[in-house]
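**Student:** This is the structure alone, sequence omitted:
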């Protein structure tokens, strides 16, 4: 954890407009979980799953919601959104370290490219011709930026990021290591027994305040652009194919894949390792649960899924056998139903026989 | 989109041997979708899903098949494979930009390595001893090539690609950023309560005309080699384990994983996020649908799958409960069937009783 | 395959304490599979699936278990763990090539960082301030190490690896190309219609003898650390979220994703492409089969799974239809059961009727 900026409870309460329970001059210098905090630390309670840890915490102070304050043995700051206010407090105590402005001597930058004087370009960077790097943006070590790309203001490529030619990143975008933005989409035409590469001529355009997780890939469009609107958040190892369009404020967890030309709405949440087929429309405010396969468009907000929870393997194997028998069961169930509708007849005839 | 090379309808029709409907001197300078094209643009219609956009297009000209030409409001080029001919037209109007031959001053290349005079080596590249870089090949910025690797002619490593020692890439291969070819396979022996690393001594060999998507990984063989035959096409984030063998003209979509020593045939297509277990044989012309799990060898061409389409979560949860009940249902169904086969008896006996 | 170190059967038998069947001075210079070996090669038999290849092998010698020695046409070394002893023999014949100590002139290293004299730092490397690189460790070409990271002794970052600030790798760790250790976790608070980034203040700590596969990502902890205990083995493209804790000797195959704050026990094995949800506890010695979804904690050792094997697509589609009908079947089965419990009545009444 980097060096921190100590403060007081009162200063935090005032800055974030929170209700203070405790002495305004109480010093806060650290951040910790409820379980591990000491008297110099600020902790938080946002997830009810951790509520049982509140009574025993040794934290100096806790950010929590009004309903929890009576159970808190420590000083506290009452918030309507404890997790968000915790994030703000953490940012104050440990502001992200920003590299100094300037260009590392090992960076290779085409002379036609404009780098803002307030920007930072790290070691071993390569930037092609006709690019623009905006004010206070950081191009971390090992990044490669191809010709004609535009990077806005206060945007940070952490390290080893690839930005393909003519792609556009807006302001305050964060891109983690290993991300590839603007590689060619998977465009192939089959002709005379072989694959023919279809040129990928679109760009990737990424809006303000997006964050892209490590080793995620976002392909350039085939003709039109691949687009992330503002405040889209992608976790690690997400795959976004060509011409996908992702609406503002949508968050996508790790290992999700989205196939070509699919449109995802605004305020969607897609849980880990799910896959979404190509050429679909997913409307706003759709939640996809973990490891689901989306094969059709979705036009109603709500939760959707197809993930199957793991069971003990022997039991799961038996259910798989059952699953394979369903066709047979369908026939048997129908036969049984017909048997039920006829027993009167067979009872009659046997009774009749008896009487003969 | 990079600068383009304007042409005429007639020049395209002649070069590609297409039937021309319209003036031979009609100028074509742009490429666009049916929906977004203007009078200077060439569009195309290959996917019937977009046929409804034809009537309203403002494109100057459209590449399409004979059956669609009567519904086309614009000039057109009639093709037996509109998507492939569109690819050829796009390549003519926007030929891939090839970096100039030569070695960037920041590249670190072992003196024992031979780089063709017509090849291009970008900034921040590292190439070990005893490698060969063929004619007109491009080693983009940030690539690392280990000792003894061989790169053929007209092959392009776009950027930040890793090629492990002694691996071999043939001619006209395209490798996108972040690809790792020739890392050690996952070979471990368990001994005395610990894992022991098994040396990975094979290579990766990649045939002519292959294309490898961003952040894909292809491990070196344990003893023999991992092999991609010619014209294999891998999308982004594909994982190919040690000693996998992939037949010519097979295409594999994003996020697919193939475990060790599996052989995939020629002309297979594997859809996104599927997984294929190790030590299997998949014959030629097999299609695996999205998010499927292949656990057994396949010896008949055709379509195979096990992906489950997402449903509204409440409905899916109920089906999961039902799935868990199948064992119980099997017993109940059997009991019911026995009940059906016996009612005669019970009817008889009750009838008999009645008569006593 | 790199140059090898020829030896004799006797030398190997003595060094590894194996039972020798054959002349002690028999020369061994190569390593090969049973199927491809020649008289100069050592092969091995560990997997019973390959036992049928033993009779026809042309290998000079074979490492195998006592039960197989009578079927072996070649000389042999009898081992209680043939695969492990094969690994040791392979390591002797082809020891991993270690780059010479020293710092490549293109490497950019902050002067406050301490690099052991016996360590090797490759081309195009960037190392921030206040790092430590231990004895005989190798930082391969294109790696980026941020401020304050600590790398132990005999650890190898193969190439293009990212190590985030303050992360700690112990001794004899191997990290393959494209790995990202210590990127920010996916921590977001939703507030007033937008996402707010939650600072990620923890580190990643990796124990002795771990191996991390290509393009795998391991996020730094949110407050506490993300931890891999000793001898953890991760394959390629694994995703480990913030605050995950993985017990010693656990092995995780390719494309697995583990969500935040989950604890995995010791000696677990997780097969390819499985996903494990966040905030779970998986106990020691759990095996997860391929492409499974773990949504609940597991407290009993054993095998667990939910992967569905692919079937011919037409058959699979029919089973999916059946799956969707299960709700309806539940009602029909119940109705049938009620019908069965009543036939006596209806038979009675019909018999009664007859007698009237």
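**Tutor:** Yes, it's here. Here the structure is a predicted model, which means the values were calculated and not measured.

**Student:** How about the residues of the stretch 1-150 of chain A by chain C?
**Tutor:** By Cβ under 8 Å from any Cβ of the partner chain, the residues of the stretch 1-150 of chain A that approach chain C are A:1-2, A:31-33, A:36, A:49, A:81, A:83-84, A:86-88, A:90-91, A:94, A:96-97, A:104, A:106, A:122-124, A:140-142. Quick note: C-beta positions are derived from backbone N, CA and C, even for glycine.

**Student:** Mind checking which of the residues you listed land in helices?
**Tutor:** Counting by DSSP state H, the residues of the stretch 1-150 of chain A next to chain C place A:83-84, A:86-88, A:90-91 in helices.

**Student:** From the residues of the stretch 1-150 of chain A next to chain C, keep the buried residues only.
**Tutor:** Among the residues of the stretch 1-150 of chain A next to chain C, those buried by neighbour count (16 or more other Cβ atoms under 10 Å in any protein chain shown) are A:1, A:31-33, A:81, A:83-84, A:86-88, A:90, A:94, A:104, A:106, A:122-124, A:140-142.

**Student:** Residue A:60 contacts residue A:39, doesn't it?
**Tutor:** Yes - assessed by Cβ atoms under 8 Å, residue A:60 is found in contact with residue A:39 at 4.5 Å.

**Student:** Name the residue in these two with the higher neighbour count.
**Tutor:** residue A:60 (22 against 14; other Cβ atoms under 10 Å in any protein chain shown).

**Student:** Which neighbouring residues are in contact with that one, exactly?
**Tutor:** A:26-28, A:37-42, A:74-75 (Cβ atoms under 8 Å, 6 or more residues apart in numbering or on different chains).

**Student:** Just the buried ones from these?
**Tutor:** A:26, A:28, A:37, A:40-42, A:74-75.

**Student:** Just put those in CSV and tack on distance to residue A:312.
**Tutor:** Output for these, formatted as CSV (distance: Cβ to Cβ, whole Å):
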residue, distance to residue A:312
A:26, 51
A:28, 47
A:37, 38
A:40, 46
A:41, 41
A:42, 43
A:74, 43
A:75, 47
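
**Student:** Straight-line length of stretch A:174-183, end to end?
**Tutor:** End-to-end distance of stretch A:174-183 (Cα to Cα, to the nearest Å): 18 Å.

**Student:** So that stretch, near chain B or not?
**Tutor:** Yes - residues of stretch A:174-183 are located near chain B by Cβ under 8 Å from any Cβ, namely A:178, A:180, A:183.

**Student:** dump the residue contacts of the last one.
**Tutor:** When contacts are counted by Cβ under 8 Å, 6+ apart, residue A:183 is found next to A:162, A:164, A:217, A:219-220, B:158, B:176-177, B:213-214, B:236.

**Student:** So which of those residues sit within strands?
**Tutor:** Of the contacts of residue A:183, the ones assigned to strands by DSSP state E are A:162, A:217, A:219.

**Student:** now the buried ones among the contacts of residue A:60 as CSV including distance to chain B?
**Tutor:** Listed next are the buried ones among the contacts of residue A:60 as CSV, based on distance: Cβ to the nearest Cβ, whole Å:
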residue, distance to chain B
A:26, 45
A:28, 41
A:37, 36
A:40, 41
A:41, 38
A:42, 36
A:74, 38
A:75, 41
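
**Student:** Out of those, which is nearest to residue C:303?
**Tutor:** Of all the buried ones among the contacts of residue A:60, residue A:37 has the smallest distance to residue C:303: 39.2 Å, by Cβ to Cβ.

**Student:** show me where pLDDT drops low in the stretch 1-150 of chain A?
**Tutor:** For the stretch 1-150 of chain A, the stretches flagged by pLDDT under 70 are A:1-4.

**Student:** and the buried ones among the contacts of residue A:60, which two are the farthest apart?
**Tutor:** The span of the buried ones among the contacts of residue A:60, defined through Cβ to Cβ, is set by A:26 and A:37 at 13.6 Å.

**Student:** can you count the residues close to the nearest residue to residue A:156 once chain neighbours are set aside?
**Tutor:** Ranked by Cβ to Cβ, 6 or more residues apart in numbering or on different chains and with sequence neighbours excluded, the top spatial neighbour of residue A:156 is residue A:138, at 4.4 Å. Neighbourhood size, residue A:138 [other Cβ under 10 Å]: 23.

**Student:** how about residue A:138, what does it touch?
**Tutor:** Contact analysis of residue A:138 by Cβ under 8 Å, 6+ apart lists A:98-99, A:119-120, A:122, A:155-158.

**Student:** hmm, try it at 7 Å
**Tutor:** Neighbour list for residue A:138: A:98-99, A:120, A:156-157 [criterion: Cβ atoms under 7 Å, 6 or more residues apart in numbering or on different chains].

**Student:** same thing with residue A:241?
**Tutor:** By Cβ under 7 Å, 6+ apart, the residues touching residue A:241 are A:185-186, A:219, A:258-260, A:278, B:254.

**Student:** So residue A:51 versus chain B, what's the distance?
**Tutor:** Residue A:51 is 26 Å from chain B, where distance means Cβ to the nearest Cβ, to the nearest Å.

**Student:** just residue A:81 next, same as before
**Tutor:** For residue A:81, the distance to chain B - Cβ to the nearest Cβ - is 26 Å.

**Student:** and residue A:329, which of the three is it?
**Tutor:** Following DSSP: H, G, I helix; E, B strand; the rest coil, the label given to residue A:329 is helix.

**Student:** Excluding chain neighbours, what is closest to it?
**Tutor:** Excluding its sequence neighbours, the residue lying closest to residue A:329 (Cβ to Cβ, 6+ apart) is residue B:333, at 6.3 Å.
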